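[1] predicted model and sequence below, questions to follow.
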Amino acid sequence: MFKIILSIIAFLMSLFAFGQINEIPKYKSSDVKLHNEILQMDTKYFNAYNTCDMETQADIYDEDLEFFHDKGGLSTSKSDLLKALKENICNKVTRTLIKGSVEVYPIKDYGAIQIGYHKFYNKEEPNAKSIPSKFIVIWNKKNDNWKMTKVISLHN
């Protein structure tokens with residue numbers, strides 16, 4: 001009898017879990033032009049990141065940047081962030097975007113939110129496995145120029 005009850009509970013829980021999964025709609029861009037613009041900005045930024053082009057990185061970061069890193073905490077200093085990137089990332093770490101993972105949502109009268117997954121590779125540890133990590137970027141568009149205003153970097 002106990003096995004029957006456990007089987008019924010497991011069955012009901014699987015129905016509930018399956019129902020929850022089906023409630024989450026698959027992402028579909030509501031603005032393909034915006035989606036492509038943000039992907040172009042992502043490419044521009046991370047090409048600069050991967051090649052240590054500090055000038056381009058500095059140009060893309062907003063002066064009032066907030067950079068949240070799950071391991072490093074909050075940074076609100078653009079100059080400190082750029083200094084840390086130059087000292088710790090340049091010629092040591094590269095990033096690749098996981099294709100198909102990016103979602104872009106328009107924010108009225110402001111810009112867009114980009115959510116996606118990427119991997120980082122440490123050149124000093126070439127055999128280390130890179131685990132996909134989630135990121136969120138809030139982009140602001142002023143006078144046809146995109147700036148990163150908030151970045152959330154998650155590496156669990």
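    Perfect, thanks for sending it. Just so it is clear, the structure is predicted and the values come from calculations on it, not from any experiment.

[2] for the protein, which segments count as strands?
    61-69, 73-75, 93-97, 103-107, 111-122, 133-142, 145-154 (DSSP state E).

[3] which residues of the chain score low on pLDDT?
    Counting by pLDDT under 70, the chain has low-confidence residues at 1-22.

[4] try 90
    For the chain, the stretches with pLDDT under 90 are 1-26, 29, 72, 123-128, 155-156.

[5] find the centremost residue of it, please.
    Nearest to the geometric centre of the chain sits Phe135, at 2.0 Å (CA atoms, centre = their mean).

[6] shouldn't it be in contact with Lys150?
    No: between Phe135 and Lys150 there is no contact under CB atoms under 8 Å: 11.0 Å. (Each C-beta comes from the backbone N, C-alpha and C, glycine too.)

[7] about what we covered before: now the residue nearest to the centre of the chain: closest residue in space, sequence neighbours ignored.
    Ser153 (5.4 Å; CB to CB, 6 or more residues apart in numbering).

[8] His35: which of the strands of the chain is closest?
    strand 103-107 (4.4 Å; CB to CB).

[9] buried ones in the closest one, by neighbour count?
    Of all the residues in strand 103-107, those buried under the rule 16 or more other CB atoms under 10 Å are Val104.

[10] mind listing what it pairs with, with the direction of each?
    strand 111-122 (antiparallel) (DSSP bridges).

[11] which residues touch Asn140?
    Neighbour list for Asn140: 62, 110-111, 146-147, 149 [criterion: CB atoms under 8 Å, 6 or more residues apart in numbering].

[12] right, I mislabeled it, should have said Leu85
    49, 54, 57.

[13] and for Leu154?
    70, 133-136.

[14] try it again at 7 Å.
    70, 133-135 (CB atoms under 7 Å, 6 or more residues apart in numbering).

[15] that'll do, ta.
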